[in-house]
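Student: Provided below for reference: sequence and predicted model.
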Amino acid sequence: METVTQQIHYTSQPIKIGKTLWRLVIKECAVHGDLQEDRKRLYTEYQWNAEGQWLPGSKWPAYNINDTYYGMPRRLSKLYDRERGMIDFFIHGKPIAQERLF
C-alpha cells in the first residue's frame, strides 16, 4: 500500500490570465511504498481560482493531457517566466539572482 503526502514549499502571487486567476505552486511529494525507499521530489503545479477555491490545473475544463499545453492557457508561460528564479531555487538548488538595486 502506498501513501502520498504533499507539502507546499512555495505559492506565487496570482496573475490574471483572461478572466481567471492563476498561481504557481511548488510542492513536495513523498511516496512511501513497500518496495521503494522513501523518496522526495519537488514539482510545480498550476492552480486556478474558481469561485474562491483554488483548483489544480488538471481540473481546468479544457484540460487535455495529449495537448502540448495540457489544454491550459498558453499565457501561463508568463507566470512561469516570472517565477523562474523561485523554481530554479527550490527544484534545482540554484541561488536566487539579486535584482539590481539602482
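Tutor: Yep, that arrived.

Student: residue boundaries of the strands in the chain?
Tutor: Here the chain has its strands, by DSSP state E, at 3-11, 15-17, 20-32, 39-50, 53-56.

Student: How far away from the center of its chain is the top helix by length along the chain?
Tutor: The longest helix of the chain (DSSP state H) is helix 84-92. A distance of 11 Å separates the centroid of the chain from that of helix 84-92, by C-alpha atoms, centre = their mean, to the nearest Å.

Student: got it, and stretch 18-26?
Tutor: Relative to the centre of its chain, stretch 18-26 is centred 10 Å away, using C-alpha atoms, centre = their mean.

Student: Same check on stretch 50-63?
Tutor: 13 Å.

Student: try stretch 77-92
Tutor: The answer for stretch 77-92 is 9 Å, by C-alpha atoms, centre = their mean.

Student: So what touches that stretch?
Tutor: 9-10, 12, 15, 17, 22-24, 26, 42-44, 46, 94-97 (C-beta atoms under 8 Å, 6 or more residues apart in numbering). From N, CA and C alone the C-beta is placed, and that goes for glycine too.

Student: avg pLDDT for it?
Tutor: Over the span of stretch 77-92, the pLDDT mean works out to 91.

Student: in this protein, which ranges drop under the pLDDT threshold?
Tutor: Applying pLDDT under 70 to the chain picks out residues 1-5, 30-40, 99-102.

Student: make it 50
Tutor: 1-3, 34-38 (pLDDT under 50).

Student: Using PyMOL, define a selection of the buried residues within the contacts of stretch 77-92.
Tutor: Buried residues within the contacts of stretch 77-92, by 16 or more other C-beta atoms under 10 Å, are selected in PyMOL with:
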select buried, resi 10+12+15+17+22+23+24+26+42+44+46
